[in-house]
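Have a look; sequence and predicted model below, questions after that.
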Amino acid sequence: MTFTEHLTTLEDPRHTINIRHDFFDILFLTVSAILSQAEGWEDIEEFGKNKLDWLRKHYPFKNGIPSHDTISRVICLIPKDDINQLFMNCINVVRQAQGLAVIALDGKTVKHSFDSAQDKLSALHSYQCLCHRARCCAHTGKLKKQEK
């Protein structure tokens, strides 16, 4: 199953009134833009405008590129569990086809470990990776920033 076929497993959460842009156009645009390092709704819209010819090789985009507000509204309507399941299914198809083992990942942020409310990026983080088949476990953490 290709990635675009996986996208079609999601249901359009919008009402059928006043729909101008195809649901799968918006999904494909959003995923493509994020994979191309778009960091926000405006970046996704800009990516779409710059890459419209390429995008049309995969989906029709009959009404062009939707505004960043439309992209945001549509994507935010999709249940998070559905998006998570979509990506897990895609990854598992590739993993199984290549005969790779399941790797469990776990991450945690230590509560209130940041320096100030304005600097939450300095919090302590802990990550664990477990591969049962290889009988190995890796653990890593991010230390707090050091004072200069």
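Nice, I can see it.

what's around residue 89, how many residues?
The number of residues packed near residue 89 is 12, by other Cβ atoms under 10 Å. From N, CA and C alone the C-beta is placed, and that goes for glycine too.

That one reaches residue 7, doesn't it?
No: in terms of Cβ atoms under 8 Å, residue 89 does not count as a neighbour of residue 7; the distance is 10.8 Å.

in this protein, which helix or strand is least confident?
strand 136-142 (a mean of 57; mean pLDDT, DSSP states H and E).

Contacts only, for residue 46.
Residues near residue 46 by Cβ atoms under 8 Å, 6 or more residues apart in numbering: residue 38.

backbone phi and psi for it, please?
phi -60, psi -40 (degrees, to the nearest 10).

Which helix or strand lies directly C-terminal to the top helix by length along the chain?
In the chain, taking DSSP state H as the definition, the longest helix is helix 80-97. Using DSSP states H and E, the helix or strand that directly follows helix 80-97 along the chain is strand 103-109.

Any buried residues in that next one, and which?
Within strand 103-109, no residue counts as buried by 16 or more other Cβ atoms under 10 Å.

relative to helix 80-97, how tilted is that strand?
The directions of strand 103-109 and helix 80-97 differ by 140 degrees, with axes from the mean of the first three to the mean of the last three Cα atoms, to 10 degrees as the criterion.

Strand 103-109 pairs with which strands, parallel or anti?
strand 125-131 (antiparallel) (DSSP bridges).

Next, count neighbours for the closest residue to residue 1 other than its chain neighbours.
Spatial nearest neighbour of residue 1, chain neighbours left out: residue 93 (5.8 Å); criterion: Cβ to Cβ, 6 or more residues apart in numbering. Residue 93: 15 surrounding residues under other Cβ under 10 Å.

Wait, a strand at residue 19?
No: counting by DSSP: H, G, I helix; E, B strand; the rest coil, residue 19 is located in no strand; its state is coil.

can you list the domains in this protein?
3-97, 103-142 (automatic domain parsing).

Now do the longest one: distance from first to last residue.
When you say that, I think you mean domain 3-97. Taking Cα to Cα, to the nearest Å, domain 3-97 runs 14 Å from one end to the other.

Distance from the chain centre to that domain, please.
10 Å (Cα atoms, centre = their mean, to the nearest Å).

Tell me how far residue 14 lies from residue 74.
7 Å (Cβ to Cβ, to the nearest Å).
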